[in-house]
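>>> turn this into a model:
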Amino acid sequence: MRIIDVIIIGKGPAGISAALYTQRANLATLIISRDGSSLDKAAKIENYYGLEEPISGKELLEIGEKQARRLGVEILKEEVIGITYLYDEKCFKVSTEKSEHYSRAVLIATGQPQKRIAIDGLEDFEGKGVSYCTTCDGFFYRDMSVGVIGNGAYAVHEAMELEAFTKDITLFTHGADLDITGELADKAGRFKINTRPILKLSGDEFLQEIHFKDGTSQKIDGLFVAYGTASSVDFAQKLGIITENNAIVVDNGQSTNIEGVFAAGDCTGGFKQISVAVGQGAVAGKSIIEFVRHMKK
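Okay, here's the model as predicted:
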């Protein structure tokens with residue numbers, strides 16, 4: 001098992017900025033991220049220092065990625081679906097839909113959390129049958145009928161997490177086709193698949209039933225939302241990181257309450273600007289350098 005110094009999740013301004021510092025400090029640095037950030041859609045940027053002429057978000061991201069690669073940063077374009085701490089090895093395991101990687105420190109720089117899926121009754125039953133964290137709440141559904149909303153790698157990963165508590169698991173794709181390949185596609189076959197679009201959720205005090213747009217319904221005890229890709233808050237909740245107002249809480253050094261886990265950029269809330277993300281990335285990079293060097297003593 002190869003353990004590197006730091007894994008950075010996210011290759012936006014915060015993630016790249018941190019990587020420039022850690023790599024130059026001779027720490028083995030791996031960035032894992034898929035394309036498609038909000039900055040990638042920005043047509044024109046005029047308020048960032050050093051740009052004589054406007055530049056698109058896509059161009060700025062490409063420049064940052066090339067700069068990191070030039071210094072020796074490894075960049076892997078895969079979707080991260082889970083982070084766990086291995087106590088025996090004293091390192092973190094970062095899982096993607098295709099591979100697993102290990103590091104002494106982790107930086108979460110995945111930007112602003114994804115919007116939750118809009119389904120009638122979903123918010124009404126949050127904490128009463130609807131959950132966003134299998135690690136936090138899976139235990140409460142031992143031997144019960146549970147479901148996971150989602151059609152990608154993250155949803156399959158969450159369903160696999162629930163197998164420790166129950167075997168009655170259904171993947172609800174909400175009208176979408178399953179968007180998974182390789183080994184995870186085979187593992188998805190272990191679960192019941194329901195592709196019908198969801199109309200609403202119902203129940204008395206707690207969730208009891210899912211209603212579909214075709215007029216049918218299904219009894220359910222618990223429903224876990226894993227639509228799209230995992231967000232920064234999803235990772236934080238599973239690791240026991242403190243969050244507030246849908247953002248990760250950090251100190252002045254961008255450290256979370258979990259030793260070895262850092263966060264920077266939009267996922268920490270506040271003023272969502274490229275300059276802020278770059279600055280936080282630099283601070284996080286410095287803190288990670290100090291943390292890893294102390295571990296190696």
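>>> longest strand anywhere in this protein?
Taking DSSP state E as the criterion, the chain has its longest strand at strand 100-108.
>>> from the contact counts, what lies against the helix or strand that comes right after it?
Downstream of strand 100-108, the next assigned helix or strand under DSSP states H and E is strand 130-131. Strand 130-131 sits against strand 222-225, with contacts defined as 3 or more CB pairs under 8 Å, 6 or more residues apart in numbering; DSSP states H and E. Quick note: C-beta positions are derived from backbone N, CA and C, even for glycine.
>>> mind listing the residues bridging to I75?
Using DSSP bridges, the bridge partners assigned to I75 are I31.
>>> returning to what we had before: and the contacts of the longest strand of the chain?
With contact meaning CB atoms under 8 Å, 6 or more residues apart in numbering, strand 100-108 is reached by 1-10, 15, 18, 30, 32, 76, 83, 86, 89-94, 232, 235-236, 248, 254, 256, 260-264, 267, 284, 288, 291-292, 295.
>>> buried residues, that strand. List them.
101-108 (16 or more other CB atoms under 10 Å).
>>> CA atoms only for that strand, dumped as CSV, please.
Provided in CSV are the C-alpha atoms of strand 100-108 (Å, rounded to 0.1, in the frame of the first residue of the first chain):
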residue,chain,number,x,y,z
GLU,A,100,-8.3,3.8,-4.0
HIS,A,101,-5.5,6.1,-2.7
TYR,A,102,-3.9,6.7,0.7
SER,A,103,-2.4,9.8,2.2
ARG,A,104,-1.3,11.3,5.5
ALA,A,105,-3.4,14.5,5.0
VAL,A,106,-6.5,15.4,3.0
LEU,A,107,-7.6,18.8,1.7
ILE,A,108,-11.2,19.2,0.8
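>>> quick one: that strand to chain centroid distance?
Distance, stretch centre to chain centre, for strand 100-108: 13 Å (CA atoms, centre = their mean, to the nearest Å).
>>> show me the shaky parts of the stretch 51-200 of the chain.
113-116 (pLDDT under 70).
>>> how about the strands in it?
With DSSP state E, counting those that start in this stretch as the criterion, the stretch 51-200 of the chain has strands at 74-76, 80-86, 91-96, 100-108, 130-131, 146-149, 169-172, 192-194, 198-203.
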